[in-house]
Structure formats: structure tokens, C-alpha cells
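Asker: The sequence and its predicted three-dimensional model are supplied below.
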Amino acid sequence: MNLKTSLIDLQCEMVAERTLVNPKNISWLQYDILYQLEKEGAILPSNLSIILGTSRTKLSKALKALKSLGYIQQLPNKLDGRELYTSITEDGKILLTNIFTNHIVLYQTALKSFDEREQEEFARLASKLSNRLREERVGNDE
């Protein structure tokens, strides 16, 4: 098996895994928004669209839906009232916690699949690839 096939297979499995653990059936973009808000804190939508590699139009629609569900809040920037800082609400954090709890099966499968050295190597390589993909996406938008 080559690298390209392995990456495609892994991506397909990860998408299937995300679908299984999504109890409220939010979209993948909405999940990614909540995850980034939990990770980054309050952020401007323009910066969020760069981080996620999505258009501002798609992001705006996803934010509107998340706001109506009570998972995010938006407050005006004190320096420029036209800009809205977006942050995750307690309900959004609870939803993420429930999804993360369901991800334990993925973690347990990885523990069974890899010995300790392989776990460390996989974590290092996955982090390296994730960081590079994000750097290239964010760097291309500046």
C-alpha cells in the first residue's frame, strides 16, 4: 500500500467515525467551527474562515445555524462595532464534550492497533502533517 492510498483510506475512515459520533447531526463545518472556537477562544469570522479554509459565505451560513441552535454567541468588537467576535457557548461546549466522549472508541482502537513506540510515532507524524496542512492553508490566504 502506498502513502496516497493510505491517506485516502484514513480520511474515509475518519469521516465515517465523525458521522457515528455526531448525536445532533451538525455538519462537519459546524463541528470544525465549534472545535476551533473551543481551541482558540473568541475569534473574528474572517480569521476563522482562513483557519478552516472555507469561504466567508459558507462560514456565515454555518455560524447563523450554530447561533440559532445556541452553540455560539457573537459580540461586537469594542474597537470596531462592525466586527463580531464569535465564541462557543456552554451548550456548544457540552455538545463538543459529548462528541469527544464518543471519540473514545477511536482512541481505544488506536491503542489496540499500535504498540507504545508506534503510538508515539503516529502521533508525531499525524501532528506534523496536520500542522503542515494548516500552515499551507493559512499561508496561502494571507
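Answerer: On my side now, so go ahead. From a predicted model like this one, the values you see are computed outputs, not experimental measurements. Numbers count the residues shown, from 1 in each chain.
Asker: Name the nearest residue to Leu84, sequence neighbours excluded.
Answerer: Distances taken as C-beta to C-beta, 6 or more residues apart in numbering place Gln74 nearest to Leu84, at 4.1 Å, with adjacent residues excluded. (Each C-beta comes from the backbone N, C-alpha and C, glycine too.)
Asker: give me phi/psi at that neighbour?
Answerer: phi -130, psi 130 (degrees, to the nearest 10).
Asker: Which pLDDT does the model give it?
Answerer: pLDDT, Gln74: 96.
Asker: for the one 3 residues further on, same thing?
Answerer: At Asn77, the predicted lDDT confidence score is 83.
Asker: next SSE after the lowest-mean-pLDDT helix or strand in the chain?
Answerer: Sorting the helices and strands of the chain by mean pLDDT, DSSP states H and E puts helix 3-20 at the bottom, at a mean of 86. The helix or strand immediately downstream of helix 3-20 is helix 28-40, counting by DSSP states H and E.
Asker: Show me what the mean pLDDT comes to for that following helix.
Answerer: 94.
Asker: Are there helices or strands packed against it, and which ones?
Answerer: Of the remaining helices and strands, those touching helix 28-40 by 3 or more C-beta pairs under 8 Å, 6 or more residues apart in numbering; DSSP states H and E are helix 3-20, helix 45-52, helix 56-69, strand 72-76, strand 84-88, helix 90-102.
Asker: Now do the buried residues in it.
Answerer: 29-37 (16 or more other C-beta atoms under 10 Å).
Asker: remind me, longest helix of the chain?
Answerer: helix 116-140 (DSSP state H).
Asker: list the helices and strands it packs on?
Answerer: By 3+ C-beta pairs under 8 Å, 6+ apart, helix 116-140 packs against helix 45-52, helix 104-113.
Asker: any idea which of those helices is most buried?
Answerer: Highest mean neighbour count of the helices and strands packed on helix 116-140: helix 45-52, a mean of 17 (counted as mean count of other C-beta atoms under 10 Å).
Asker: That helix vs helix 56-69, what angle?
Answerer: Angle, helix 45-52 to helix 56-69, by axes from the mean of the first three to the mean of the last three C-alpha atoms, to 10 degrees: 110 degrees.
Asker: quick check: mean pLDDT across helix 45-52?
Answerer: 93.
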